[in-house]
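Visitor: My questions concern the predicted model and sequence given below.
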Amino acid sequence: MKAPWNFARFLPLAERLLSRGRLPALLFAVARKGPRLGQLKDDVRLLQALCVAWWRGEYRAISPKALVTIVAGLLYFVSPLDAIPDWLLGVGLLDDIAVLGWVLKTVSDELDAFRAWRQRQSPEKLRVVERLPDTPEALRLEQNRS
């Protein structure tokens, strides 16, 4: 399946974000924007949980390409400069939904593996692993202590 129009320009941005240790800032932007659309909210939370677990070093069983695709999809989701600006009421989120749907379909095998990993973890461990602290800086500090 072909990537959505305008998505490819987010891939190098995602690679730079990951290489520069800026993932926490993106995760907090996603949490602030947070979709209010039923299943999409759960899907975005799953992508966010995977990224937090990866950042903390708890879950590394994901290909670099899939991780970059997920991060690029989340960047697209929070970006005000995507194909249809979010401020256009009624249609502004349509391109975000389409891109996130494409990302979910593209990395579905990786997400299934992450779901299986999550099911093997205790609820207490998941609360710690997937919890976002109060600030992106606190998440960076936690990762540096690991």
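Guide: Looks like it came in fine.

Visitor: low-confidence ranges in the chain?
Guide: The model of the chain has pLDDT under 70 over residues 1, 34-39, 81-92, 143-146.

Visitor: Go ahead and list the helix or strand containing residue 29.
Guide: Per DSSP states H and E: residue 29 is located in helix 23-33.

Visitor: just checking, what packs against that helix?
Guide: Where contact means 3 or more C-beta pairs under 8 Å, 6 or more residues apart in numbering; DSSP states H and E, helix 23-33 is packed against helix 38-55, helix 64-78, helix 136-145. Just so you know, the C-beta spots here come from the backbone N, C-alpha and C atoms, and that holds for glycine as well.

Visitor: contact partners of that helix?
Guide: The contact list for helix 23-33, computed with C-beta atoms under 8 Å, 6 or more residues apart in numbering, reads 17, 44, 47-48, 51-52, 55, 71, 74-75, 77-78, 132, 135-137, 139-140, 143.

Visitor: one more time with 7 Å
Guide: With contact meaning C-beta atoms under 7 Å, 6 or more residues apart in numbering, helix 23-33 is reached by 17, 44, 48, 51-52, 55, 71, 74-75, 77-78, 132, 136, 139-140.

Visitor: cool, stretch 110-121 as well?
Guide: Contact with stretch 110-121 is made by 46, 50, 59, 61, 62, 63, 66, 104, 126, as judged by C-beta under 7 Å, 6+ apart.
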